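Enquirer: using only what follows, build the 3D model:
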Amino acid sequence: MITLSKSTTAMAISISLLTCNHSYANETNINAVIGLGSSQIVEQNLQNKEPKLPITGGSLLPLDKNFTGISSALDNHLTHWIKHLNQEVKVEHKTRALNFQGQLTQVTQNTFSLKINAKSVQLPISDFYLIPSTKTSQVNDKTQNTYTGNITYQTQSLSWQPKLSILFQDNSVKLIENALISNLSNKNITLHSPILHLSQTPNQNIRFKTERLYSAAADASPSVSYANDEIIIPLMNRELDIEPLSEYLIPIQEQELSIIKRTLKSDVATHPQFLGEQSMRFQQAYEVKLTQETLPGNYQTYWQKGELFLPSSALFLEKTRLDQTLELSPNQSHDVEGELKLINASGRSLPLSQTWELSLKNLSTERKDYSITHNMNGIISNTSGASSEPNGIHSRRFIGTLSPKQTKTLRYTVTLTQ
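Expert: Predicted coordinates for the structure are as follows:
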């Protein structure tokens, strides 16, 4: 059992493994579309400046029609090796007591070459650490940017993940949508009216050194927008300040939905060779109708009991558009017992006729609506007995109500063909 705050607009909570009693010299303002695995950054007038965040290789592009070219150092694992070409260096093996010293003459994606006593040795670059010689002069590795216009690039230093919850109350269901924005850089980032973009697979392996939860003002709550088969959440008129190596949890929106219908549902399946009886499990099903565009995904569910919130299983919501009717099935119900029994069969192979008996008992002191689907391994050509409705060509659905403590028996006959 856990206790959660009822409000998504509570004051900021900070849980940190790093001391925060200092200012950040590398503070930067960012215009960003934040994705689940990376973000698209736009910078203006970058001449003679470094990009504000690390650039994902191959993603740097000019935004102006006319440009003279961009000249900047590559940000990858070879940069440290390349800048020491033709210098005296020392290399040490990462796992063994093995080292070499000589002139670094060649660097490729997978190997490097050392000239040792007039002999050339080629070694795998992933197995060694590079230790520059203190005798050699350091080379200025900063390359001046010559481009004067606007640029855009992608970075993995800024990303977000949806944090979605469903709260079951007595007569309503509350859908709560939050966004966890992560800053993996060593800079303090200020985001002005960023856009959250939902179209990629989140990286579940990222580990953060700091967690910081933040709730923004309720009047700044954005709305979910579907455009060009993409989902975007514009955080308009909102400014977020995110410390280095930290996470911020901000509210997106929430909606409280009235429960239209409560039903106990059960699905059973049989085959022509079935003989005997089968007990049934019932699942709680709540029908609600969305009043806003909503994020699809996995929602963690909770039951509200007074001031306490009981965690339950997660639900995946796929269709979450405005006016969409949702059927939410969070838990198994023990209020109704059911048993399906084969009374008679004309054979054990198709075509055949079967007579079934469905026994139901309401164990609670409240009225219960039920919906039972009987799936059969054959095409149903004829039915008689208890009232039911077709659910495709292979199954029938039985819908009804049980009064408190009531016991009910349904008998029906079906004819199955191949």
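
Enquirer: can you pull out the strands in the stretch 151-300 of the chain?
Expert: Remark: strands assigned in the stretch 151-300 of the chain by DSSP state E, counting those that start in this stretch are 151-155, 158-168, 172-183, 189-192, 195-198, 210-213, 225-227, 230-234, 239-242, 246-258, 261-270, 277-289, 297-305.

Enquirer: wait, which of those strands is closest to residue 313?
Expert: Across the strands of the stretch 151-300 of the chain, residue 313 has its closest neighbour in strand 297-305 (6.3 Å, C-beta to C-beta). In short, each C-beta sits where N, CA and C put it, glycine included.

Enquirer: which residues sit against the closest one?
Expert: With contacts defined as C-beta atoms under 8 Å, 6 or more residues apart in numbering, strand 297-305 is touched by 4, 162, 164-170, 175, 309-317, 328, 330.

Enquirer: I'd guessed residue 341 sits against residue 374; true?
Expert: No - using C-beta atoms under 8 Å, residue 341 is not in contact with residue 374; the gap is 12.0 Å.

Enquirer: higher neighbour count, these two?
Expert: residue 374 (23 against 14; other C-beta atoms under 10 Å).

Enquirer: what's the following helix or strand after the helix or strand harbouring that one?
Expert: In the assignment (DSSP states H and E), residue 374 maps to strand 368-376. Downstream of strand 368-376, the first helix or strand assigned by DSSP H and E is strand 379-385.

Enquirer: return the list of helices and strands in contact with that following strand.
Expert: strand 395-402, strand 407-417 (3 or more C-beta pairs under 8 Å, 6 or more residues apart in numbering; DSSP states H and E).

Enquirer: and those as CSV, adding distance to residue 118 and mean neighbour count?
Expert: Output for the helices and strands packed on strand 379-385, formatted as CSV (distance: least, C-beta to C-beta, whole Å; neighbours: other C-beta atoms under 10 Å):
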stretch, distance to residue 118, mean neighbour count
strand 395-402, 83, 16
strand 407-417, 88, 16
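
Enquirer: may I see the ones you listed arranged in JSON lines, with mean pLDDT and distance to residue 262 as well?
Expert: Compiled in JSON lines, the helices and strands packed on strand 379-385 are given as follows (pLDDT from 0 to 100; distance: least, C-beta to C-beta, whole Å):
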{"stretch": "strand 395-402", "mean pLDDT": "97", "distance to residue 262": "11"}
{"stretch": "strand 407-417", "mean pLDDT": "97", "distance to residue 262": "18"}
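
Enquirer: per-residue pLDDT of residue 222, please?
Expert: At residue 222, the model reports a pLDDT of 63.

Enquirer: I misspoke; the intended subject was residue 29.
Expert: 78.

Enquirer: can you flag the weakest of the strands of the stretch 151-300 of the chain by average pLDDT?
Expert: Among the strands of the stretch 151-300 of the chain, strand 210-213 carries the lowest mean pLDDT (a mean of 36).

Enquirer: tell me the strands beside the strand holding residue 374, with direction?
Expert: With DSSP bridges as the test, strand 368-376 is paired with strand 261-270 (parallel), strand 395-402 (antiparallel).

Enquirer: tell me which of those strands sits nearest to residue 246.
Expert: The nearest among the strands paired with strand 368-376, by C-beta to C-beta, is strand 261-270 at 42.2 Å.

Enquirer: tell me how many other residues crowd the closest residue to residue 112 other than its chain neighbours.
Expert: In this structure, residue 112 finds its nearest non-sequential neighbour in residue 125, 5.0 Å apart by C-beta to C-beta, 6 or more residues apart in numbering. By other C-beta under 10 Å, the residues close to residue 125 number 17.

Enquirer: what's the offset of the helix or strand that contains residue 106 from the middle of its chain?
Expert: Assigned by DSSP H and E, residue 106 falls within strand 99-107. Chain-centre distance of strand 99-107: 45 Å, with C-alpha atoms, centre = their mean, to the nearest Å.

Enquirer: same check on stretch 396-408?
Expert: The answer for stretch 396-408 is 39 Å, by C-alpha atoms, centre = their mean.

Enquirer: got it, and stretch 230-249?
Expert: Its chain's C-alpha centre and that of stretch 230-249 lie 16 Å apart, by C-alpha atoms, centre = their mean.

Enquirer: please apply the same query to stretch 280-293.
Expert: Centroid separation between stretch 280-293 and its chain, computed with C-alpha atoms, centre = their mean, is 21 Å.
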